[in-house]
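[1] Just the structure for this:
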Amino acid sequence: MWHWTGDERPPFAATPGPGQESVWDYPRPPRLALDGREVVIGGDGIEIARTRRALRVLETASPPTFYLPLADLKAGLLQSASGRSFCEWKGAAVYWSVVLPGLTLARLAWSCPEPTPTFAALRDRVGFYPGPLDRRIDGRRVRPQPGRSTPAGSPTR
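    Down below sits the predicted model:
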């Protein structure tokens with residue numbers, strides 16, 4: 001049974017420095033936070049999205065997940081992909097492939113078309129796995145955490 005809920009930091013968790021956040025301080029259930037920083041996502045030299053209207057999902061022990069408005073994505077780069085998943089907090093998710101000229105990044109994005117009432121703000125937004133994408137927040141490159149940062153499957157050219 002998971003017992004870390006953001007009320008206390010586990011003994012193995014590092015204390016954040018000035019200006020840093022700790023994923024161990026995020027709540028459970030997760031919290032939505034509007035983020036006005038400029039978020040830019042690109043792949044293979046092509047800008048996929050640019051926004052100052054991102055929502056972050058902050059959940060205990062998980063890196064923040066950014067959801068971008070579909071309206072701020074370059075049109076025609078997402079293609080419906082197979083599979084679905086379910087989150088006890090957000091509801092059902094569907095998957096998207098990012099299609100760039102000569103390159104398809106399979107199942108690299110997801111959205112919650114009918115989120116739970118608590119997470120209704122996620123409707124018409126999309127999240128991206130970090131994997132092979134270039135993600136920047138206010139011009140600073142975002143590095144994925146160690147481990148598997150992309151869904152099963154690989155890019156195809």
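
[2] buried residues in the helix or strand harbouring residue 49?
    Here residue 49, judged by DSSP states H and E, is contained in strand 46-51. Buried residues in strand 46-51, counted by 16 or more other C-beta atoms under 10 Å: 48-49, 51. Quick note: C-beta positions are derived from backbone N, CA and C, even for glycine.

[3] Nearest to residue 25 among the residues you listed?
    Minimum distance to residue 25 across these is 25.3 Å, recorded for residue 51 (C-beta to C-beta).

[4] and the residue nearest to the closest one when sequence neighbours are not counted, how many neighbours?
    Nearest residue to residue 51, sequence neighbours excluded (C-beta to C-beta, 6 or more residues apart in numbering): residue 72, at 3.8 Å. By other C-beta atoms under 10 Å, 17 other residues sit near residue 72.

[5] Just the C-alphas of the strand holding residue 49, formatted as PDB.
    Below are the C-alpha coordinates for strand 46-51, written out as PDB (Å, rounded to 0.1, in the frame of the first residue of the first chain):
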ATOM      1  CA  ILE A  46      10.200  20.900 -36.100                       C
ATOM      2  CA  GLU A  47       8.300  22.900 -33.500                       C
ATOM      3  CA  ILE A  48       5.300  20.800 -32.300                       C
ATOM      4  CA  ALA A  49       3.900  23.100 -29.700                       C
ATOM      5  CA  ARG A  50       4.400  26.500 -28.000                       C
ATOM      6  CA  THR A  51       2.300  27.800 -25.100                       C
END
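
[6] avg pLDDT for it?
    Over the span of strand 46-51, the pLDDT mean works out to 97.
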